[in-house]
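>>> Using only what follows, build the 3D model:
(3 chains)
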Amino acid sequence: MEGFRCLMGGLFLLAGVVIFLIEVYGVFRLKYVLNRMHAAALGDTLGLSLCMIGLMFLSGLNFSTVKMFLVILFLWFASPTASHMLARLETTTNENLEEHCEQIDLREDPGEEDVK
Amino acid sequence: MKAYFLIGILILLALLLFALLLRAVKGPSIADRIVAVNMMGSITIVMIAIMSFLLKEDYLMDICLIYAMVSFLAVVVISKVYIGIYEEKKHGREEN
Amino acid sequence: MSRRKSQEEYERTKAFRFWRWMSGKQDPYLGKVELVPREEPEETELTIQERMTERQMIRDKVYDIEHNKKLGVFHKIYEALAVCFCLALAGILLYTVSLLPATGVADKPVNNEVPARYIEKGLQETGAVNIVTGMILDYRAFDTFGESNVLFAATTTVLILLHSRKRAKDKQRREEESEGENDRVYEPKQDSVLQVAACVLVPVIILFGIYVILNGHLSPGGGFSGGAIIGAGLILYLSAFGFEKTEKLFTEKTYKCISFGALTTYCLAKSYSFFTGANHLESHIPLGTPGAIISSGLILILNICVGLVVACTMYTFYVMFRKGDF
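The predicted model follows:
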C-alpha cells in the first residue's frame, strides 16, 4: 500500500511538472499574448491540481490535505477570472488588435455605440 | 529516495521560474508581463507545497493559500487600474 | 436625564469645549494659524514663453537621445553600469548569505539566555502554543502597541494629505461626477465575471483571515497577517462592486470607530498589567489550557485588536489612493 501511494504520488507530480514544462514552452512558442494566455491557463489549473493531487497521495490524509484541496478550488475560481481580466486589459489597450486576431461583433445592434 | 525525487522536481521548477522571468522581462506588452508573473505565482505555490511536505511543516500550506489569493488580487487590481489610466490618457489625447 | 448646569453654564466648561473639538464642530486654530492657500502667481505672455523655451531646451538637452551623441553614449554606459551594479549587489548578498551560520548550529551568537527563556518558560508564562505570538503580544506587547500606532498615524497622515482639499469641493465634485468629469469614470465598472468570482471568493477570504487571527496563539499567523488577509478581501470586494456598495459598509466613521476602539482596547488591556505590578508577566487572568481557542489570557483580545487596525489600514490606504476620499 505504501509503495502504491508513493508511486501514484510520484506519477501525479511528474505529470504536473510535465504540464508546467508544456506551459513554459507554449509561452515562448506562441506569438501573441491572447494565445499565450491559453498556455498559461493550462498550468494554473491542470498543472497545479495534478501536483497537489500527487502531494495529497504522498502525504496521506490529514489537515493539510484539506488545505491543498482548498488551494485547488481557490485557483479554479481565481485563475479564469484573472485570465478574463487580463484579456480585457489586452483588448482594451491594444490599438491595433486587428493585426493579431479576427474580431467578431457580438452586439445585437452593431451600429450602436458600446455602452459601458 | 523520495526526498531526492522531490528536490529534483524543485530544481526543475526553479529553472522554469527563470525562464518565466525572462518572458516577464522580454514581454512586449504589459499583459505579457502580468501573465508571466501570474504563472510564476502558480509555480511558486507548487514549490511551497512541496517544501511543506519535505520539511514536514503543515503551516506552509496556509502560505500557499495566501499566495494564491494575493497573486489573484494583484492581477485584478493591476488590470483595473491600468485600464482606467489608459482610457483616461486616450480621452485626454482625443480632447487635445 | 437631568442636567445640573444650564446650557449656557455648560458651554463655558472645558468638557464642552473638548467635546466640541472632538466632534469637529469648531476648529480652535481657525483664524489663528495661517491656512490660506498660496495665491497663484500672475502669468504674463513673457513668462509663458520663457517657460516653454526652457522646457524645449531641457527636452533637447536631456531627453533627445537619438540626435544627441553624448547622451546616447552616456545612456549605453549607464545601462551597462546598472547591470554590473545589480550583478555585484546580488553577488555580495549571496556571499553574505553563504557566511551565515547553518540552521541548528548550537553556538550561534543569537543563542543566548533570552531565547532559552522564551522556549523554556514561554508556554507556562503566556499560555500561547505559538511562542512567537507569546513573545510579541506578551513579553513585548508595548512594542506591538507602538507598531499598531504607527499604522494608525500613517493612515491619519494620508487622510490629512489627501482629504483636506477634496472636502471643500465636495458638492462641486458630486455634480461633476454625474457629468462624468471624475478620474475614475473610465474604469470598467460592472464586470459580471469578476462579480460572480468575488461573490464566491470574498467570504472565503475573510473567513480565512478570521481563522488566522483567532488561531494566532495556536498556529503561525496572528493579528498582522490575518488583518492583511481581511483587508485584501475588502479590496477585492471593492474592485468588483465599486465604491457605491462598499460605502454602505465602510465609511470614514466606521474607520474611526474601529481604529479608535481597537487601539483603546489594546491600551487598556495592556495597562492592566500596571495594576498588577510593574512586572506584567504575573497577570491574574487565568491562562486556560494551552491549545484551546480561549486560552492564554489577553493574547486573543490583543490579536483581534491588531487585526482590526491592520485590516482598516490596508483598506483605507487603498481607498485613499484610488479615490482620495471615502
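>>> Residue C:141 touches residue C:302, doesn't it?
Yes. Residue C:141 is in contact with residue C:302 according to C-beta atoms under 8 Å; the separation is 6.5 Å. Where C-beta positions appear, they are placed from N, C-alpha and C, glycine not excepted.
>>> which of the two has more neighbours?
Neighbour count, other C-beta atoms under 10 Å in any protein chain shown: between residue C:141 and residue C:302, residue C:302 has more, with 27 against 19.
>>> What sits closest to that one if chain neighbours are left out?
The spatial neighbour of residue C:302 that comes closest, neighbours along the chain excluded (C-beta to C-beta, 6 or more residues apart in numbering or on different chains), is residue C:137 at 4.8 Å.
>>> With adjacent residues omitted, what lies nearest to the residue nearest in space to the middle of chain B?
When C-alpha atoms, centre = their mean is applied to chain B, the residue found nearest the centroid is residue B:41 (2.6 Å). Setting aside the residues directly before and after it, residue B:41 is nearest to residue B:71 in space (C-beta to C-beta, 6+ apart), at 3.4 Å.
>>> from the chain's centre, how far out does the helix or strand encompassing that neighbour sit?
For residue B:71, the host element (DSSP states H and E) is helix B:60-95. Between the centre of helix B:60-95 and the centre of its chain there are 13 Å (C-alpha atoms, centre = their mean, to the nearest Å).
>>> What residues of that helix count as buried?
For helix B:60-95, a neighbour-count test (16 or more other C-beta atoms under 10 Å in any protein chain shown) marks B:60-69, B:71-84, B:86-87 as buried.
>>> and what of stretch B:7-18?
For stretch B:7-18, a neighbour-count test (16+ other C-beta under 10 Å) marks B:9, B:13, B:16, B:17 as buried.
>>> correct me, but the second one touches residue B:46?
Yes. Residue B:13 lies in contact with residue B:46 (C-beta under 8 Å); the separation is 6.4 Å.
>>> where do the contact lists of these two overlap?
residue A:20 (C-beta atoms under 8 Å, 6 or more residues apart in numbering or on different chains).
>>> The residue nearest to the centre of chain B and residue C:308: what is the separation?
28 Å (C-beta to C-beta, to the nearest Å).
>>> Please apply the same query to residue C:93.
Distance of residue C:93 to residue C:308, given as C-beta to C-beta: 37 Å.
>>> Who has more neighbours out of those two?
residue C:308 (23 against 10).
>>> Quickly find the element holding residue 53.
No chain specified, so I'll use chain A. Applying DSSP H and E as the criterion places residue A:53 in helix A:48-59.
>>> you looked at the wrong chain, it should be chain C
With DSSP H and E as criterion, residue C:53 is part of helix C:45-58.
>>> ok, now residue A:14?
Going by DSSP H and E, residue A:14 is in helix A:2-29.
>>> mean confidence for that helix?
For helix A:2-29, mean pLDDT is 89.
>>> Stretch C:257-270 now?
Here stretch C:257-270 scores 87 as its mean pLDDT.
>>> got the buried residues for it?
Of all the residues in stretch C:257-270, those buried under the rule 16+ other C-beta under 10 Å are C:258, C:259, C:262, C:263, C:266, C:269, C:270.
>>> which stretches of the stretch 151-300 of chain C aren't confidently modelled?
Along the stretch 151-300 of chain C, segments meeting pLDDT under 70 span C:163-189, C:274, C:276-288, C:290-291, C:293, C:296.
>>> looking at chain B, which helix or strand is least sure?
Among the helices and strands of chain B, helix B:60-95 carries the lowest confidence by mean pLDDT, DSSP states H and E, at a mean of 85.
>>> Quick one: list the elements packing against it.
With contacts taken as 3 or more C-beta pairs under 8 Å, 6 or more residues apart in numbering or on different chains; DSSP states H and E, helix B:60-95 sits against helix A:63-93, helix B:30-55, helix C:192-214, helix C:223-241.
>>> Could you report the distance from the residue nearest to the spatial centre of chain A to residue C:147?
With distances taken as C-alpha atoms, centre = their mean, the residue of chain A nearest its centroid is residue A:41 (2.1 Å). As defined by C-beta to C-beta, residue A:41 lies at a distance of 40 Å from residue C:147.
>>> Next: residue A:9.
42 Å.
>>> Same question for residue B:83.
Taking C-beta to C-beta as the measure, residue B:83 and residue C:147 are separated by 36 Å.
>>> Repeat that for residue A:43.
Distance of residue A:43 to residue C:147, given as C-beta to C-beta: 38 Å.
>>> The two: which is more packed in?
residue A:43 (28 against 16).
>>> In contact with the spatially closest residue to the more buried one that is not a sequence neighbour, which residues?
Nearest residue to residue A:43, sequence neighbours excluded (C-beta to C-beta, 6+ apart): residue A:23, at 3.5 Å. Residues near residue A:23 by C-beta under 8 Å, 6+ apart: A:39, A:40, A:42, A:43, A:47, B:39.
>>> for those residues, which one is nearest residue B:52?
If you rank the contacts of residue A:23 by distance to residue B:52 using C-beta to C-beta, residue A:47 comes first, at 17.8 Å.
>>> Grab the nearest non-local neighbour of the closest one.
Closest residue to residue A:47 apart from its sequence neighbours, by C-beta to C-beta, 6+ apart: residue A:19 at 3.6 Å.
>>> Next one: the one you found relative to residue A:49, how far apart?
Per C-beta to C-beta, residue A:19 is found 9 Å from residue A:49.
>>> Give me the subset of the buried residues of stretch B:7-18 that also touch chain C.
By C-beta under 8 Å from any C-beta of the partner chain, no member of the buried residues of stretch B:7-18 lies near chain C.
>>> Pull the residues that contact stretch A:58-71.
With C-beta under 8 Å, 6+ apart as the test, stretch A:58-71 has contacts from A:5-6, A:9-10, A:13, A:48, A:52, A:55-56, B:2, B:45, B:49, B:52-53, B:58, B:61-62, B:64-65, B:68.
>>> Go again with 6 Å.
A:9, A:52, A:56, B:53, B:58, B:61, B:64, B:65, B:68 (C-beta atoms under 6 Å, 6 or more residues apart in numbering or on different chains).
>>> which SSE is residue A:101 in?
Using DSSP H and E, residue A:101 is not contained in any helix or strand.
>>> Once you drop chain neighbours, what's closest to it?
Per C-beta to C-beta, 6+ apart, closest to residue A:101 is residue A:34, 6.4 Å.
>>> Tell me where the stretch 201-326 of chain C has helices.
Assigned helices in the stretch 201-326 of chain C, in chain order: C:223-241, C:243-249, C:252-275, C:299-323 (criterion: DSSP state H, counting those that start in this stretch).
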